[in-house]
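Undergrad: below are the sequence and a predicted model for it; my questions follow.
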Amino acid sequence: MVKVTGNTISFAMTILVAMQIKIKNRLDKRMDFILFYNIQ
């Protein structure tokens, strides 16, 4: 058994948050492009 420490949990949370931010940024860029394209 691997002992789960606070560091492991915080590390996993940091990775999850970073992935969510990366995905959100990608979606925001796509949305900005679509909005910009529609305005033109």
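TA: Received it, and whenever you're ready, just let me know what you need.
Undergrad: for the rest of this, base every contact and every neighbour count on C-alpha atoms.
TA: Fine.
Undergrad: where does pLDDT dip in the chain?
TA: The chain contains residues with pLDDT under 70 at 1-2, 40.
Undergrad: and the helices in it?
TA: For the chain, the helices defined by DSSP state H cover 6-39.
Undergrad: contacting residues around the most centrally placed residue in it?
TA: A centroid search over the chain (C-alpha atoms, centre = their mean) returns residue 20, at 1.8 Å, as the residue closest to the centre. Going by C-alpha atoms under 8 Å, 6 or more residues apart in numbering, residue 20 touches no other residue.
Undergrad: how close does it sit to residue 37?
TA: 25 Å (C-alpha to C-alpha, to the nearest Å).
Undergrad: please apply the same query to residue 7.
TA: Residue 7 sits at a distance of 45 Å from residue 37 (criterion: C-alpha to C-alpha).
Undergrad: what of residue 29?
TA: Residue 29 is 12 Å from residue 37, by C-alpha to C-alpha.
Undergrad: between the two, which is the more surrounded one?
TA: Counting neighbours by other C-alpha atoms under 10 Å for residue 29 and for residue 37 shows that residue 29 has the greater number, 12 against 9.
Undergrad: and stretch 11-26, C-alpha only, in PDB?
TA: Below are the C-alpha coordinates for stretch 11-26, written out as PDB (Å, rounded to 0.1, in the frame of the first residue of the first chain):
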ATOM      1  CA  PHE A  11       0.100  17.500  -6.200                       C
ATOM      2  CA  ALA A  12      -2.700  15.700  -7.900                       C
ATOM      3  CA  MET A  13      -5.000  18.600  -7.300                       C
ATOM      4  CA  THR A  14      -2.400  21.000  -8.900                       C
ATOM      5  CA  ILE A  15      -2.200  18.700 -12.000                       C
ATOM      6  CA  LEU A  16      -6.000  18.600 -12.300                       C
ATOM      7  CA  VAL A  17      -6.300  22.400 -12.000                       C
ATOM      8  CA  ALA A  18      -3.500  22.900 -14.500                       C
ATOM      9  CA  MET A  19      -5.200  20.600 -17.000                       C
ATOM     10  CA  GLN A  20      -8.600  22.300 -16.500                       C
ATOM     11  CA  ILE A  21      -7.000  25.700 -17.100                       C
ATOM     12  CA  LYS A  22      -5.200  24.500 -20.200                       C
ATOM     13  CA  ILE A  23      -8.500  23.000 -21.600                       C
ATOM     14  CA  LYS A  24     -10.400  26.200 -20.700                       C
ATOM     15  CA  ASN A  25      -7.800  28.400 -22.400                       C
ATOM     16  CA  ARG A  26      -8.100  26.300 -25.500                       C
END
